[in-house]
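Trainee: Fold the following, please.
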Amino acid sequence: HAELMTFLQKLSDEEIHRQKDGKWSTLQNMDHLLKSAKTVNPAVRKSSLVLRAAFGKPNREARSYEGLVKRYQERLEGVEAEAPKAYRAAESQALDRAKVLKEYDAEMQKFIQYVGTVKERKLDR
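Mentor: Reported below is the predicted structural model:
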């Protein structure tokens, strides 16, 4: 996480707002990740019982990171993916760079701190 934040801080304004082929800029991606983290952070702190009631019991073994990425890419293949409205990024130039990066850093710090206290087996359940 620290390496990512250092990298982002070093980008020029032109670089962080650059969009290619109609895709989101780096800052828009960070805004999207911030919105996602704000949803995930409180959810991961819920008890296993609450999460199981909301989402059910896993129907397969946990995937490795590589397996997760492979499955994600397979699901996106040939599909024009679009983020749900609540998670879409604003126009890049309308985003406050310092605010987005500061809030993202704070959310990820909370997430990293919490995950470090959770037993590995609970993360898959």
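Trainee: For residue 121, give me the pLDDT.
Mentor: Residue 121 is assigned a predicted lDDT (pLDDT) of 63.
Trainee: ugh, wrong one, I meant residue 14
Mentor: 97.
Trainee: Distance of it relative to residue 102?
Mentor: Separation of residue 14 from residue 102 (Cβ to Cβ, to the nearest Å) stands at 21 Å. Where you see a C-beta, it was placed from the backbone N, CA and C, and this is true even at glycine.
Trainee: more neighbours, those two?
Mentor: residue 102 (13 against 7; other Cβ atoms under 10 Å).
Trainee: Would you mind giving me the confidence score for the more buried one?
Mentor: Here the pLDDT value assigned to residue 102 is 98.
Trainee: how far away is it from residue 72?
Mentor: Here the criterion is Cβ to Cβ. By it, residue 102 lies 28 Å from residue 72.
Trainee: Kindly report the same for residue 28.
Mentor: From residue 28 to residue 72 the distance is 19 Å (Cβ to Cβ).
Trainee: And these two? Which one has more around it.
Mentor: Shown here are residue 28 and residue 72; by other Cβ under 10 Å, residue 28 has more neighbours (21 against 11).
Trainee: hang on, the more buried one packs against residue 87?
Mentor: No. Using Cβ atoms under 8 Å, residue 28 is not in contact with residue 87; the gap is 11.1 Å.
Trainee: Regarding residue 63, what is its secondary structure?
Mentor: Under DSSP: H, G, I helix; E, B strand; the rest coil, the three-state class of residue 63 is coil.
Trainee: OK, contacts around the residue nearest the centre of the chain?
Mentor: Among the residues of the chain, the one closest to the centroid is residue 33, at 3.9 Å (Cα atoms, centre = their mean). Residue 33 makes contacts with residue 104, as judged by Cβ atoms under 8 Å, 6 or more residues apart in numbering.
Trainee: Right, I'll call it a day here.
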